[in-house]
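Visitor: Make a model of this:
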Amino acid sequence: MKPLLIVSLILVGASLLIASDSSSRPAISTALSGLESPDAHTRMKAASELEEMRKQTIERLMDLVKKPSKAEELSSTKEHCIELLGEYKATEAIDMLIGNIEYHVMIKIVETPVPASLYPCVHALARIGVPSLNAIVTRFENPCSEKEMKLFATVFRLVDGDELAILRAQLALKKAEGERKKQLGQLVELLKAKKWYF
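Guide: Below you'll find the predicted structure:
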């Protein structure tokens, strides 16, 4: 990813989270101005400050996601935080997102089963991409429920598409042992199935 795009994502996230904190606005403006400086030291300092803002933004987002909650209405604080973690490709949040994979939002018309589109961690993990898939494979060292497995399969499909997802899972299966081998076998079967439901 290009450095300017990363900086733009950092600034969008920082401004969303700290929009109510007027004391933070000058810091963002100062850092942006610093990136335009002819002095290399000033530019490096500005980039470092923006990276620190990104780190703090992601930490705050993760703290909000970690707060205990049941399924919430669409557009909840938790849902937005999860979506932003995906947008920022926050690899440091992957384990937490995997741990919250079953969290879903509610809509006024109750649907049973809940469609995959209402599981924000699935989509955040998919936006983060391949690092999420590697972490899911590691997660398979421990048993998981049928619902978790289907949600993990959805992440694989969103990142890789059907054929590549199957190939990636099969390659991981060849190297796996014990519980991980069992779980990956189940994942391959799910990915090969044309249709399945939660």
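Visitor: List the buried residues in the longest helix that the chain contains.
Guide: Counting by DSSP state H, the longest helix found in the chain is helix 40-66. The neighbour-count criterion (16 or more other CB atoms under 10 Å) identifies 46, 47, 49, 50, 53, 54, 57, 58, 61, 62, 64, 65 as the buried residues of helix 40-66. Yep, even glycine has a C-beta here, placed from its N, CA and C like the rest.
Visitor: Pull the contacting residues for the last one.
Guide: By CB atoms under 8 Å, 6 or more residues apart in numbering, the contact set of residue 65 is 78, 81, 82, 85, 93, 96, 97, 100.
Visitor: Leaving out the residues flanking it, which one is nearest to it?
Guide: Spatial nearest neighbour of residue 65, chain neighbours left out: residue 81 (5.0 Å); criterion: CB to CB, 6 or more residues apart in numbering.
Visitor: cool, and the third one?
Guide: Nearest residue to residue 49, sequence neighbours excluded (CB to CB, 6+ apart): residue 31, at 4.6 Å.
Visitor: can I assume that neighbour is in contact with residue 42?
Guide: No. Counting by CB atoms under 8 Å, residue 31 does not reach residue 42; the two are 10.2 Å apart.
Visitor: quick one: what helix or strand has the residue nearest to residue 65 in it?
Guide: helix 77-87 (DSSP states H and E).
Visitor: Measure how that helix sits relative to helix 40-66, angle-wise.
Guide: 140 degrees (axes from the mean of the first three to the mean of the last three CA atoms, to 10 degrees).
Visitor: tell me how far helix 77-87 is from the chain's mean position?
Guide: Relative to its chain's centre, helix 77-87 lies at 8 Å (CA atoms, centre = their mean, to the nearest Å).
Visitor: could the buried residues of helix 40-66 go into TSV alongside pLDDT?
Guide: Shown next, in TSV, are these (pLDDT from 0 to 100):
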residue	pLDDT
46	87
47	89
49	89
50	88
53	90
54	90
57	92
58	95
61	95
62	95
64	92
65	91
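Visitor: okay if I get those residues as TSV plus distance to residue 155?
Guide: Output for those, formatted as TSV (distance: CB to CB, whole Å):
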residue	distance to residue 155
46	35
47	32
49	33
50	29
53	28
54	23
57	23
58	20
61	19
62	19
64	22
65	17
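Visitor: Thanks a lot, catch you later.
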